[in-house]
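Trainee: Requesting a structural model of the entry that follows:
(2 chains)
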There are 2 protein chains.
Amino acid sequence: MARRDQKPRDSKDRILAAALALFGERGYAATSIDDIAGRAGLTKGALYYYFKDKQDIARDLHHDLWARLKAEALRVVEPGGDALANLRRAFDAHLVALQNLPEAHFFLRQFWAVPALDAMGRLEHEAALGFVEQLLRDGIARGDVAPLDPTALARALVGAFSEATLHVLTTGRSDEAIAVVHRLIDALDARRDRARRSSRRDATATARRAARAR
Amino acid sequence: MARRDQKPRDSKDRILAAALALFGERGYAATSIDDIAGRAGLTKGALYYYFKDKQDIARDLHHDLWARLKAEALRVVEPGGDALANLRRAFDAHLVALQNLPEAHFFLRQFWAVPALDAMGRLEHEAALGFVEQLLRDGIARGDVAPLDPTALARALVGAFSEATLHVLTTGRSDEAIAVVHRLIDALDARRDRARRSSRRDATATARRAARAR
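Mentor: Below is the predicted model of the structure:
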């Protein structure tokens, strides 16, 4: 990156950090552009050079935060590895990253309540869908994941992940959300189905042998 | 209901039916209040007697449609019955009711995309959460449902149900969504856990007896 690019990035980061702090302290609705410029130590004019309005700042901030959470989730995924193990790891890493951003909780929770902002969340949601669907599709092809429709399954799982994340943002407790999500992911294990079928077969065979021996 | 109440209800219903038809034909954004009044055979003034604006009509319509789907879902729930069977039945009945309202699909799908309307969906979502959480809480207390946190579990399930419903609205296929949702509900069965543990115990006992017999 050229040296002259650093200044703008720096101002932009200061604006985003100031906005995140203020949204956390006062809420999104009660924070003004003046407040944000003041906290960032910039003029309002400088702020408008980077952002159209408060909603634009919130959108950028939301995108930045989710990009960080997503990067942490992707970092733990083993390419070509077990699909369900990858899903568990990615969800856990995403929650740990969220726990490490306590200053962002209040803001992210508000996103669900401010309609104009929630549409942005919908975009992140669609991106997550594509990623989860590909993992599932590979897992189904390899016979690790139960042969369900991968699009419907990805939707349902991402819906569950997303609400479990909201549970963490609302209650501050991640253990409960992790236990629930792992239980749902484990339910998709095709190998467990096969083991169950084969143990049923074994039981039947044992019963037959016992009957013959009598 | 007093006879004089019937006229207003009738006009309101005509407005809602006209709006639903037009939202389906042209989309929410391209439909005007004039269009709706015209289709309902009413003056714009008469329409404004019942509704503040187009968004107000859409909100009422959305509420009416979900109330119908919810009524169908509640109708099949057996009070005090098995929690997971009730959840499966309620979800299926809700989807069947949705299939029987094909004229509403396009409108309901748009709700996810129009932020000001989506907030309304969030309210229906919260109502569903309370209902599912109570079913799960009873099931956990009776030992039928795995002992997970009922709030986190209700959130994750309703998230999955809601996205599975969106899958049906998007693809028109309900079999896939039903297969996925049933699989996730079945995963919560505590009786299955106990059966698995006891079959593992039996297998161990059989192996021990076999070893002793040698």
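Trainee: Wait, A:Ser11 touches A:Thr43, no?
Mentor: No. Using CB atoms under 8 Å, A:Ser11 is not in contact with A:Thr43, being 10.7 Å away. Placement of C-beta: from N, CA and C, glycine included.
Trainee: Just the CA trace of stretch A:169-186, in PDB.
Mentor: Output of stretch A:169-186 as PDB, limited to C-alpha atoms (Å, rounded to 0.1, in the frame of the first residue of the first chain):
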ATOM      1  CA  LEU A 169     -25.700 -11.200  21.900                       C
ATOM      2  CA  THR A 170     -28.900 -11.100  24.000                       C
ATOM      3  CA  THR A 171     -27.900 -13.200  27.000                       C
ATOM      4  CA  GLY A 172     -24.000 -13.000  26.800                       C
ATOM      5  CA  ARG A 173     -24.000 -16.800  27.200                       C
ATOM      6  CA  SER A 174     -22.300 -18.800  24.400                       C
ATOM      7  CA  ASP A 175     -22.200 -22.300  26.000                       C
ATOM      8  CA  GLU A 176     -25.900 -22.800  25.600                       C
ATOM      9  CA  ALA A 177     -25.800 -21.700  22.000                       C
ATOM     10  CA  ILE A 178     -22.800 -24.000  21.200                       C
ATOM     11  CA  ALA A 179     -24.500 -27.000  22.800                       C
ATOM     12  CA  VAL A 180     -27.700 -26.500  20.700                       C
ATOM     13  CA  VAL A 181     -25.800 -25.900  17.500                       C
ATOM     14  CA  HIS A 182     -23.500 -28.900  17.900                       C
ATOM     15  CA  ARG A 183     -26.600 -31.100  18.600                       C
ATOM     16  CA  LEU A 184     -28.200 -29.900  15.400                       C
ATOM     17  CA  ILE A 185     -25.000 -30.400  13.400                       C
ATOM     18  CA  ASP A 186     -24.500 -33.900  14.800                       C
END
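Trainee: can you pull the contacts of the residue positioned nearest the centre of chain A?
Mentor: For chain A, the residue nearest the mean C-alpha position is A:His94 (5.7 Å; CA atoms, centre = their mean). Applying CB atoms under 8 Å, 6 or more residues apart in numbering or on different chains to A:His94 gives the contacts A:69-70, A:72-73, A:161, A:165.
Trainee: Could you tell me which of those residues are located in strands?
Mentor: The strands, defined by DSSP state E, take in nothing from the contacts of A:His94.
Trainee: Tell me how far A:Leu20 lies from A:Ile178.
Mentor: As judged by CB to CB, to the nearest Å, A:Leu20 and A:Ile178 stand 26 Å apart.
Trainee: ok so, going back, and A:Ser11 and A:Thr43? which has more neighbours close in?
Mentor: Between A:Ser11 and A:Thr43, A:Ser11 has the larger neighbour count (other CB atoms under 10 Å in any protein chain shown), namely 17 against 11.
Trainee: For chain A, which residues score under the pLDDT cut-off?
Mentor: A:1-8, A:112-121, A:214 (pLDDT under 70).
Trainee: And the helices in it?
Mentor: A:6-26, A:33-40, A:44-50, A:54-75, A:83-99, A:102-111, A:115-142, A:150-171, A:175-186, A:190-213 (DSSP state H).
Trainee: wait, isn't A:Gln24 in contact with A:Pro102?
Mentor: Just to correct that, residue A:24 is Gly rather than Gln. No. Applying CB under 8 Å, one finds A:Gly24 not in contact with A:Pro102, separated by 9.1 Å.
Trainee: what about those two, which has more around it?
Mentor: Using other CB under 10 Å, the more surrounded residue of A:Gly24 and A:Pro102 is A:Gly24, with 17 against 10.
Trainee: before we move on, the earlier item: mind checking which of the contacts of A:His94 are buried?
Mentor: Buried members of the contacts of A:His94, scored by 16 or more other CB atoms under 10 Å in any protein chain shown, are A:69-70, A:72-73, A:161, A:165.
Trainee: Could you check which of A:Leu20 and A:Ile178 is surrounded by more residues?
Mentor: Each of A:Leu20 and A:Ile178 has its neighbours counted (other CB under 10 Å); A:Leu20 has more, 22 against 18.
Trainee: ok, now which ones touch the more buried one?
Mentor: By CB under 8 Å, 6+ apart, the neighbours of A:Leu20 are A:61, A:103-104, A:107.
Trainee: Got the domain ranges for chain A?
Mentor: A:1-51, A:54-214 (automatic domain parsing).
Trainee: Please report how far the nearest residue to A:Leu169 once chain neighbours are set aside lies from chain B.
Mentor: Distance criterion CB to CB, 6 or more residues apart in numbering or on different chains; nearest residue to A:Leu169, sequence neighbours excluded, is A:Arg109 at 4.4 Å. The spacing between A:Arg109 and chain B, counted by CB to the nearest CB, to the nearest Å, is 13 Å.
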